[in-house]
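A.B. asks: sequence and predicted structure, then a few things I'm wondering about:
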Amino acid sequence: MNRSAFITRLRSLTGTVASPRLEPALLAVTASALTAGGAAWLAGDAGLADLLWGLGTLAAVPPAMGWVVTALRHGRTGVDLIAVLALGGTLAVHEYLAGVLIALMLATGRTLEAAAQRRASHDLRALLEHAPRSARRRTAAGVAMVPLAEVAVGDLLVVGPGEVVPVDGRVESAVADLDESVLTGESLNVERAAGGTVRSGVVNAGGAFELRATATEQDSTYASIVRLARQAGAESAPVVRLADRYAAWFLPLTLAVAGLAWLLSGSAVRAVAVLVVATPCPLLLAAPVAIVSGISRASRQGVVMRDGGALENLGRARTLLLDKTGTLTRGRPHVLDVLTAPGWQPTEVLRLAASLDQYSPHVLAEAIVDTARERKLVLSVPFDVTEEPGRGASGIVDGHQVSVGRFDATDARPSWARAVDNRALLDGAAVAWLTVDGSPAGAVLLRDPLRHDAPRTLRHLRAAGIERLLMLTGDRAEPALEVGAVLGLDDVRAGLDPAGKVAVVRAERERAVTVMVGDGVNDAPALAAADIGVAMGARGSTASSEAADIVLTADRVDRLADAVSIAVRARRIAVQSAVGGMAMSLAAMAAAAFGLLPPAPGALLQEAIDVAVILNALRALRVDQTARPALTPTAEALIHRFASEHHDLQDVLEAVHGAADHLSDSPGPQALAAVEEAYRLLTERLLPHEYAEEHQLYPALAPTLGGPEAMATMSRAHTEIERLSRRIATHLRLAHAEGGLSPGQLDDLRGCLYGLHTVLRLHFTQEEESYFSLAE
């Protein structure tokens with residue numbers, strides 16, 4: 001047979017072996033042969049029993065040989081080679097019962113492993129679906145729709161509202177309001193003035209604008225992302241089965257013992273007996289059982305693993321890279337604070353802004369309206385609402401001309417407005433200014449906040465064996481470094497485009513097994529380039545899920561820590577089962593080599609070993625007692641109740657901070673009234689909330705978290721909140737007795753208010769991260 005014909009036959013054989021129906025069919029055939037042969041033997045027909053067992057053994061030989069050939073083609077000599085030798089040996093020496101038992105174990109192990117390997121292809125379908133196919137080109141004759149391939153550098157294009165920018169270019173209109181989250185992951189829209197550069201793939205979030213093409217379709221940003229993802233996916237190395245790694249030394253040892261037994265005794269039966277008891281069923285069965293059990297356990301936690309290789313690799317990962325927006329943060333802006341001009345209250349500023357923004361589709365407007373509704377503010381119906389892209393909305397609310405958006409002061413900004421600018425810069429926040437009848441009344445600061453479960457998750461990841469934690473983001477360095485500092489990350493890489501993320505992933509892969517976690521289309525190339533890609537699938541893009549090995553179906557990053565813990569435990573159990581089983585097999589091999597264990601009893605002994613290691617492997621299904629604690633229904637209901645109250649109490653925190661600001665600006669009657677209002681809110685709303693937490697929530701959580709001592713630090717915060725509130729009450733009594741605030745009170749009272757605000761924010765954050773994040 002010539003070389004090309006041999007290769008054709010080889011590919012045909014391995015192609016048949018790769019059929020998804022082969023393993024279940026072989027399992028059915030071998031199990032039926034063993035059962036029918038056993039029935040014949042019990043009926044006294046030994047000849048028919050041997051025939052049936054022999055046929056069952058023979059049925060396993062071709063697929064087993066195919067699996068061996070496939071492994072050899074990939075440069076591996078796996079555990080299946082020992083099984084093939086044992087099958088052939090039992091047929092040669094007429095030990096048919098031993099042969100069919102080996103065939104059954106081989107089929108069972110392969111079926112389990114096939115169940116564990118359901119890895120989806122990295123076809124990046126969502127990337128291609130998002131890519132535009134045509135563009136609106138403006139010429140002297142008007143605007144015409146043309147295929148994207150016909151767009152040339154210098155063409156003037158029109159991008160309509162909600163459309164995807166087709167090619168890289170420059171803004172020719174006054175301004176473009178763009179949603180760049182598909183590339184950078186950032187949830188806040190970006191404005192590009194005339195002459196500003198725009199990358200393909202971003203979405204027009206405002207009105208139509210004109211774009212001067214600076215690149216063709218193939219040279220534009222989005223096409224390069226697709227190419228990057230394909231290239232990175234092609235570079236991902238195939239996963240070596242856990243069983244094959246152990247077979248690398250077990251196989252030559254088995255062959256050496258069998259050969260010596262035959263050589264020294266002159267009996268081929270002894271050599272076959274050695275092969276029978278050496279058939280690595282602990283590897284064929286125990287490792288797949290543990291891996292499948294781990295995958296099953298993970299799925300119950302909302303973690304979908306593509307295959308057993310993903311779980312094996314995750315169990316030995318040491319470096320974890322995380323995208324920021326949507327992974328460590330919530331992925332959508334939330335109101336951080338409401339700052340006001342003198343004479344205005346934060347609640348009224350928020351109410352007016354939300355009333356107008358009810359009709360706006362802007363992402364910041366949605367956040368403002370949601371916050372107002374969470375605080376149960378009564379919104380008015382606006383009239384004559386108009387919205388100018390890049391400028392904001394305006395209309396009539398409660399008889400006043402109101403606008404929300406940008407604030408371009410013709411004169412010098414007042415001091416409070418400059419303080420808002422400084423605060424926005426320090427906090428990395430966006431600002432929505434409120435003007436009423438032409439005068440600025442306040443500002444709403446918005447920021448994409450950290451997920452409540454992010455700090456706990458990172459602590460658990462380190463406990464599970466992750467040694468290096470990095471954040472990759474397309475965001476600016478300042479807010480990225482602040483997030484990194486809060487979370488205690490080992491490194492932060494900011495301002496990265498998709499190609500930059502892939503470069504970092506490749507560099508980290510050279511050091512250790514690396515996990516990349518992301519949720520956006522811009523993360524898909526990095527997910528494909530990593531050893532293990534993890535996608536936030538609940539709200540993430542389809543592209544990131546397609547490019548990932550593991551998908552978190554719940555919108556909770558703490559599932560990532562669960563996945564790592566499950567993978568580490570399942571892999572440890574798989575190794576324990578495999579090593580323990582092989583140790584017992586080695587002892588049986590020694591007995592068989594000395595003629596103390598014939599093939600059929602040896603096969604039965606191997607069955608006993610299999611049962612032991614499989615039972616051990618099934619421990620991977622059980623809940624790890626060190627995993628995330630389970631809450632009682634009562635505790636979970638209380639968590640939801642108090643989490644909702646935290647939202648409702650944000651205006652109390654703002655009132656406390658605002659009262660302190662009033663003392664700094666003008667410590668007169670208005671300042672005293674602000675302090676009195678803040679104290680009223682403290683006594684009527686906040687202190688009862690803290691008391692209920694101390695006497696209802698904390699006792700309900702204590703058994704889950706290890707006892708009352710686990711709550712001691714948070715209880716101490718309650719004591720400090722109450723102490724500062726009493727101190728403020730004393731100042732108010734003194735002020736009423738003196739007819740106003742005395743100069744000697746101002747510093748201490750201001751310190752109490754600012755201190756209380758700081759303690760409350762820290763306390764709320766700690767409760768949300770440590771306790772509230774435990775609930776579903």
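C.D. replies: Received the coordinates, thanks.
A.B. asks: would you map the helices across the stretch 651-776 of the chain?
C.D. replies: Shown for the stretch 651-776 of the chain, the helices assigned by DSSP state H, counting those that start in this stretch span residues 669-681, 687-692, 698-705, 712-738, 743-770.
A.B. asks: I'd like these laid out as a markdown table, including mean neighbour count and mean pLDDT.
C.D. replies: Just so you know, the C-beta spots here come from the backbone N, C-alpha and C atoms, and that holds for glycine as well. Formatted as a markdown table, the helices of the stretch 651-776 of the chain follow (neighbours: other CB atoms under 10 Å; pLDDT from 0 to 100):
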| stretch | mean neighbour count | mean pLDDT |
| --- | --- | --- |
| helix 669-681 | 18 | 90 |
| helix 687-692 | 15 | 94 |
| helix 698-705 | 17 | 87 |
| helix 712-738 | 15 | 91 |
| helix 743-770 | 17 | 90 |
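A.B. asks: among those, which comes closest to Val515?
C.D. replies: The closest of the helices of the stretch 651-776 of the chain to Val515 is helix 743-770. By CB to CB, the value is 22.2 Å.
A.B. asks: quick one: closest of the helices of the stretch 651-776 of the chain to Tyr96.
C.D. replies: helix 698-705 (56.9 Å).
A.B. asks: so what touches that closest one?
C.D. replies: By CB atoms under 8 Å, 6 or more residues apart in numbering, the residues outside helix 698-705 that reach it are 629-632, 634-635, 638-639, 708, 710-711, 714-715, 771, 774.
A.B. asks: and the buried ones among the residues you listed, selectable in PyMOL?
C.D. replies: A single PyMOL command selects the buried members of the contacts of helix 698-705 (16 or more other CB atoms under 10 Å):
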select buried, resi 631+635+638+639+711+714+771+774
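A.B. asks: between all of the contacts of helix 698-705, which two are separated the most?
C.D. replies: Longest distance between any two of those is 23.0 Å, between Ala630 and Ser715; criterion CB to CB.
A.B. asks: low-confidence stretches in the stretch 401-550 of the chain?
C.D. replies: Where the stretch 401-550 of the chain drops to pLDDT under 70, the residues are 409-411, 520-521, 537-547.
A.B. asks: quick one: the helices in it?
C.D. replies: Per DSSP H, counting those that start in this stretch, the stretch 401-550 of the chain carries helices over the ranges 415-427, 454-463, 477-487, 498-509, 524-529, 542-546.
A.B. asks: same check on the stretch 1-150 of the chain?
C.D. replies: In the stretch 1-150 of the chain, the helices defined using DSSP H, counting those that start in this stretch lie at 3-17, 22-42, 46-73, 80-92, 96-116, 125-130.
A.B. asks: can I get those helices in CSV with mean pLDDT and distance to Leu618?
C.D. replies: Listed next are the helices of the stretch 1-150 of the chain as CSV, based on pLDDT from 0 to 100; distance: least, CB to CB, whole Å:
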stretch, mean pLDDT, distance to Leu618
helix 3-17, 40, 28
helix 22-42, 88, 18
helix 46-73, 85, 25
helix 80-92, 77, 23
helix 96-116, 74, 12
helix 125-130, 54, 37
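A.B. asks: middle-most residue in the chain, spatially?
C.D. replies: Met536 (4.0 Å; CA atoms, centre = their mean).
A.B. asks: show me the contacts for it.
C.D. replies: So Met536 contacts Gly326, Thr327, Val517, Gly518, Asp519, Ser544, Leu552, Asp555, Val557 (CB under 8 Å, 6+ apart).
A.B. asks: tell me where the stretch 501-650 of the chain has strands.
C.D. replies: Using DSSP state E, counting those that start in this stretch, the strands found in the stretch 501-650 of the chain span residues 514-518, 532-536, 550-552.
A.B. asks: actually the stretch 351-500 of the chain, not the one I wrote
C.D. replies: Ranges of strands within the stretch 351-500 of the chain are 383-388, 392-397, 400-405, 430-436, 439-447, 468-472, 491-493, based on DSSP E, counting those that start in this stretch.
A.B. asks: against which helices or strands is the fifth one packed?
C.D. replies: What that stands for is strand 439-447. Strand 439-447 is packed against strand 334-340, helix 346-357, helix 363-374, helix 415-427, strand 430-436, with contacts defined by 3 or more CB pairs under 8 Å, 6 or more residues apart in numbering; DSSP states H and E.
A.B. asks: follow-up on the earlier one: and the helices of the stretch 651-776 of the chain as a markdown table, adding distance to Thr216?
C.D. replies: Output for those, formatted as a markdown table (distance: least, CB to CB, whole Å):
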| stretch | distance to Thr216 |
| --- | --- |
| helix 669-681 | 60 |
| helix 687-692 | 60 |
| helix 698-705 | 59 |
| helix 712-738 | 59 |
| helix 743-770 | 48 |
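A.B. asks: scan this protein for its longest helix.
C.D. replies: As assigned by DSSP state H, the longest helix anywhere in the chain is helix 558-593.
A.B. asks: re the thing from before, looking at the helices and strands packed on strand 439-447, which one is packed in the most?
C.D. replies: helix 346-357 (a mean of 24; mean count of other CB atoms under 10 Å).
A.B. asks: list the helices and strands that one packs on?
C.D. replies: strand 334-340, helix 363-374, strand 392-397, strand 400-405, strand 430-436, strand 439-447, helix 650-665.
A.B. asks: identify whichever of those lies nearest to Asp168.
C.D. replies: helix 363-374 (23.7 Å).
A.B. asks: out of everything not next to it in sequence, what's closest to Asp491?
C.D. replies: Leu470 (4.6 Å; CB to CB, 6 or more residues apart in numbering).
A.B. asks: between the contacts of Met536, which is nearest Gly88?
C.D. replies: Leu552 (46.3 Å).
A.B. asks: who does that closest one form a beta bridge with?
C.D. replies: Val303, Met536 (DSSP bridges).
A.B. asks: for it, give me its contacts.
C.D. replies: By CB under 8 Å, 6+ apart, the contact list for Leu552 reads Gly302, Val303, Val304, Val534, Ala535, Met536, Gly537, Ala538, Arg559, Leu560, Ala563.
A.B. asks: now tabulate the residues you listed in a markdown table and tack on distance to Pro166.
C.D. replies: Formatted as a markdown table, the contacts of Leu552 follow (distance: CB to CB, whole Å):
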| residue | distance to Pro166 |
| --- | --- |
| Gly302 | 37 |
| Val303 | 37 |
| Val304 | 34 |
| Val534 | 31 |
| Ala535 | 26 |
| Met536 | 28 |
| Gly537 | 28 |
| Ala538 | 30 |
| Arg559 | 37 |
| Leu560 | 35 |
| Ala563 | 38 |
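A.B. asks: mind giving me the PyMOL command for buried ones among these?
C.D. replies: In PyMOL, this line selects whichever of those come out buried by 16+ other CB under 10 Å:
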select buried, resi 302+303+304+534+535+536+537+538+559+560+563
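A.B. asks: report the two of the contacts of Leu552 separated the most.
C.D. replies: Among the contacts of Leu552, the pair separated by the greatest distance (CB to CB) is Ala538 and Ala563, at 14.1 Å.
A.B. asks: can you give me the end-to-end span of stretch 677-691?
C.D. replies: One end of stretch 677-691 sits 20 Å from the other (CA to CA, to the nearest Å).
A.B. asks: before we move on, what about stretch 482-495?
C.D. replies: Stretch 482-495 has an end-to-end distance of 14 Å (criterion: CA to CA).
A.B. asks: list the buried residues in it.
C.D. replies: Residues of stretch 482-495 classed as buried by neighbour count (16+ other CB under 10 Å): Val483, Gly484, Leu487, Leu489, Val492, Arg493, Ala494.
A.B. asks: repeat that for stretch 614-623.
C.D. replies: Ile614, Asn616, Ala617, Leu618, Arg619, Ala620, Leu621.
A.B. asks: starting at the chain centroid, how far to it?
C.D. replies: 26 Å (CA atoms, centre = their mean, to the nearest Å).
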